[in-house]
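# Please find the sequence and the predicted model below.
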Amino acid sequence: MPVKPLVEILNLPLPEEEIYRLAAAVPVPLIRWYRQNARELPWRENPTPYRVWVSEVMLQQTRVEAVKPYYRRFLEALPDIPALAAAPEEQLLKLWEGLGYYSRARNLQKAARQVMERHGGQLPPSYELLLDLAGFGEYTAGAVASIAFGIPVPAVDGNVLRVFSRLLAAESDVMSPAVRRGYRRLLMETMPRESPGGYNQALMELGATLCAPNGPPNCMACPLNRICRAYLTGNPAAFPVKSPQKARRIEEKTIFTAVSPEGILLRKRPAEGLLAGLWEFPWEEGFLSREEISARLESWGLIPRKVRTLRPARHIFTHIEWKMEGVLALCGGISPPEGTVLARWGELKTDYAVPSAFSAFLKAALAAREEFL
Ligand code: SF4
């Protein structure tokens, strides 16, 4: 099948050669700027393949500042691939607790085990072999291959798409897979051979700092402003063009935070799906009335001394939003009903990974504990 020209894929009123000329003019000024302006980040010191890999996985959908403490703790506890492959699931999830998108942690471990079996415990210096590991998509394989091994492949994330769609002032929808493939092709064909990792990091850095997603870009300080077509239009923030996202599904829940002098009532989420295998408070679908709440507590054999209404909370996932109301049941003692456990206060921090979706309720439970001391 003939290859479709980029002018068509990216919907640009430019000759094909002009697109390539603009893309080829990016590496030299951008890498120079990056060398002078790169932020000091923990994963940039000593960028071994393992360290690059862990940081790239943690940084997916997560802010740099939020990742830093997790990254340090994770590497202290699991300093190499054999340690990651052998870690108990509870330890892994505890290290990831609060970072979200927990399938990333599971895939990290699955891939570490594959690396132990297939590659003697070392990440392979090959884009194709990396792509074959659990959790490695084109982006992660490209980032590890280029940064850790100097292989000239692109790593196209949202930052890179934003920079390039602005550079070209492209009207095409960056959410479209065909458009993303188009940018990847353009980058692949214009990558500098001598510093591919530096180039990929420089693009990401520009997209995370000067050419950031929220608010107008800082074009005056940008090393690409002489060639950037969006800057020349006078309205660079109009790019990239994105199709409207589908509305999130709303789910309403009533959360039961039952505490006693010994501990707190928790249950484990199913092994598959959203927040798989993590610990949560028992909850029911919908917002229950006072009578329904009392009936539910009774059916679980709980006889609280007091029941308090907690402040409502919400949590946003990629495609779902949870709206939560909650109650705090202060009990003299708890015999955990079927499917739940009584997590002892002393073990809560070490043995139970509770996702941040429940953090408001966990905070209320921890504050309530004081009433028993
Ligand atoms: S000139 Fe402005 S819009 Fe263009 S790449 Fe630089 S920061 Fe982004």
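Right, received. Where do you want to start?
# can we go C-alpha only for contacts and neighbour counts from here?
Noted.
# What is the burial count for the closest residue to Ala208 other than its chain neighbours?
The shortest distance from Ala208 to any non-neighbouring residue, by CA to CA, 6 or more residues apart in numbering, is to Asn159 (6.4 Å). Neighbour count of Asn159, defined by other CA atoms under 10 Å: 19.
# can you pull the contacts of Asn159?
Leu203, Met204, Leu206, Gly207, Ala208, Ala212, Pro213 (CA atoms under 8 Å, 6 or more residues apart in numbering).
# Next one: the third one from the ligand, what distance?
Think Leu206. Between Leu206 and the ligand the distance is 7 Å, computed by CA to the nearest ligand atom, to the nearest Å.
# Double-check that that residue belongs to a helix.
Yes: counting by DSSP: H, G, I helix; E, B strand; the rest coil, Leu206 falls inside a helix.
# Near the ligand, which residues of this protein are found?
The chain has residues 163, 166-167, 210-211, 217-219, 222, 224-225, 228, 230-231, 236 near the ligand, with proximity defined as CA under 6 Å from any ligand atom.
# Kindly recompute the last result at 5 Å.
Applying CA under 5 Å from any ligand atom, we find that the chain lies next to the ligand at Cys211, Pro217, Cys219, Cys222, Asn225, Cys228, Pro236.
# Against Ile147, how distant is the first one?
Read it as Cys211. Applying CA to CA, to the nearest Å, the value for Cys211 to Ile147 is 21 Å.
# picking up where we left off before, quick check: pLDDT value at the residue nearest to Ala208.
pLDDT, Asn159: 93.
# and it, what helix or strand is that in?
Counting by DSSP states H and E, the element that carries Asn159 is helix 158-168.
# Tell me which other helices or strands the very next helix or strand once past that helix touches.
Using DSSP H and E, the helix or strand that follows helix 158-168 in sequence is helix 177-190. On a contact count with 3 or more CA pairs under 8 Å, 6 or more residues apart in numbering; DSSP states H and E, helix 177-190 meets helix 6-9, helix 16-24, helix 158-168.
# Buried residues, the last one. List them.
Within helix 158-168, the residues that qualify as buried by neighbour count (16 or more other CA atoms under 10 Å) are Gly158, Asn159, Val160, Leu161, Arg162, Val163, Phe164, Ser165, Arg166, Leu167, Leu168.
# give the contact list for Ala230.
With the criterion set at CA under 8 Å, 6+ apart, Ala230 makes contact with Arg166, Leu167, Leu168, Ala169, Pro236, Phe239.
# number of nearby residues for Trp33?
Neighbours of Trp33 (other CA under 10 Å): 17.
# Could you chop this protein up by domain?
Following automatic domain parsing, the chain resolves into domains at 6-238, 249-372.
# quick revisit: quick one, which of the helices and strands packed on helix 177-190 gets closest to Ser243.
For those, proximity to Ser243 was assessed by CA to CA; helix 158-168 is nearest, at 14.0 Å.
# Please, which helix or strand holds the residue of the stretch 251-373 of the chain found nearest the ligand?
Nearest to the ligand in the stretch 251-373 of the chain, going by CA to the nearest ligand atom, is Thr318, at a distance of 26.2 Å. Using DSSP H and E, Thr318 falls within no helix or strand.
# Thanks a lot, see you next time.
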